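Asker: structure here, sequence nowhere to be found:
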């Protein structure tokens, strides 16, 4: 697998072995919801360019993740994440099914149920990145917060067989191109599928 993709079982090991409850919840949420680090913080300051003839750089402050952004349904946990990349869609909806991946769901639910304030994590973006990176680098120096986003989309495809459109809906992306950007194809998996297809063709002859 590419360096930026953490193996599925390794992500599970990292989450399950993390001693700090807050860091464990942070890793689980960023991976499960394909979230940017800033989206989990109190607020996110995003610099962007406006204007075509006379471009100017402006700073947009986006409200981070709050307890009210979580919705508990019988079959899944739904979260409405801030979405500063898409001005047409201020929030992106992501769901985590309750039927599977209890190792991922449990630390998220436990942390949300323990919160009494407005924000899920009362810390800034840089602090969140530091906490997650510190935990990930215990396992490999190349692992980082951004690896979790590539890993989730890749696992949805390689482990669960999601199509590009299903990955788009699951990750809350606005465009299929974004989902494709974050999905890495395992060359060995691709070769295995080709071999299986060739064997089936030979049997049909």
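Answerer: That came through, no problem. Keep in mind the model is a prediction, meaning the values are calculated, not measured.
Asker: tally of neighbours for residue 73?
Answerer: Residues lying near residue 73 (other CB atoms under 10 Å) number 10. All C-beta spots, glycine's among them, are computed from the backbone N, C-alpha and C.
Asker: partners of the closest residue to residue 76 other than its chain neighbours in the sheet?
Answerer: Sequence neighbours aside, residue 95 is the residue nearest to residue 76 in space, at 4.5 Å (criterion: CB to CB, 6 or more residues apart in numbering). On the basis of DSSP bridges, residue 95 is bridged to residue 78.
Asker: where does this structure have low pLDDT?
Answerer: 1-3, 48, 84-90, 169-205 (pLDDT under 70).
Asker: so how far is residue 57 from the residue nearest the centre of it?
Answerer: Nearest to the geometric centre of the chain sits residue 34, at 1.5 Å (CA atoms, centre = their mean). Taking CB to CB, to the nearest Å as the criterion, residue 34 is separated from residue 57 by 27 Å.
Asker: show me where this structure has helices.
Answerer: Here the chain has its helices, by DSSP state H, at 8-17, 21-32, 37-40, 102-114, 125-136, 145-158, 164-171, 176-182, 187-204.
Asker: what about residue 91, neighbour count?
Answerer: Using other CB under 10 Å, residue 91 has 15 neighbouring residues.
Asker: what sits closest to it if chain neighbours are left out?
Answerer: Nearest to residue 91 is residue 80, by CB to CB, 6+ apart, at 4.3 Å.
Asker: my guess is the one you found meets residue 69, correct?
Answerer: Yes. Contact criterion CB atoms under 8 Å: residue 80 and residue 69 qualify, at 4.6 Å.
Asker: shared neighbours of those two, which are they?
Answerer: Common neighbours of residue 80 and residue 69 are listed as residue 91 (criterion: CB atoms under 8 Å, 6 or more residues apart in numbering).
Asker: and stretch 103-122, what's buried?
Answerer: 104-105, 107-109, 111-112, 119-121 (16 or more other CB atoms under 10 Å).
Asker: got the phi and psi for the residue nearest to the centre of the chain?
Answerer: phi 50, psi 50 (degrees, to the nearest 10).
Asker: go ahead and confirm it touches residue 150.
Answerer: No. If you go by CB under 8 Å, residue 34 and residue 150 don't touch, sitting 9.4 Å apart.
Asker: residue 49 - nearest residue in space that isn't next to it in sequence?
Answerer: Closest to residue 49 by CB to CB, 6+ apart is residue 55, at 5.1 Å.
Asker: tell me how many other residues crowd the one you found.
Answerer: Residue 55 has 8 nearby residues by other CB under 10 Å.
Asker: from residue 46, how far off is it?
Answerer: 16 Å.
Asker: distance of residue 82 relative to residue 109?
Answerer: Distance from residue 82 to residue 109, by CB to CB: 21 Å.
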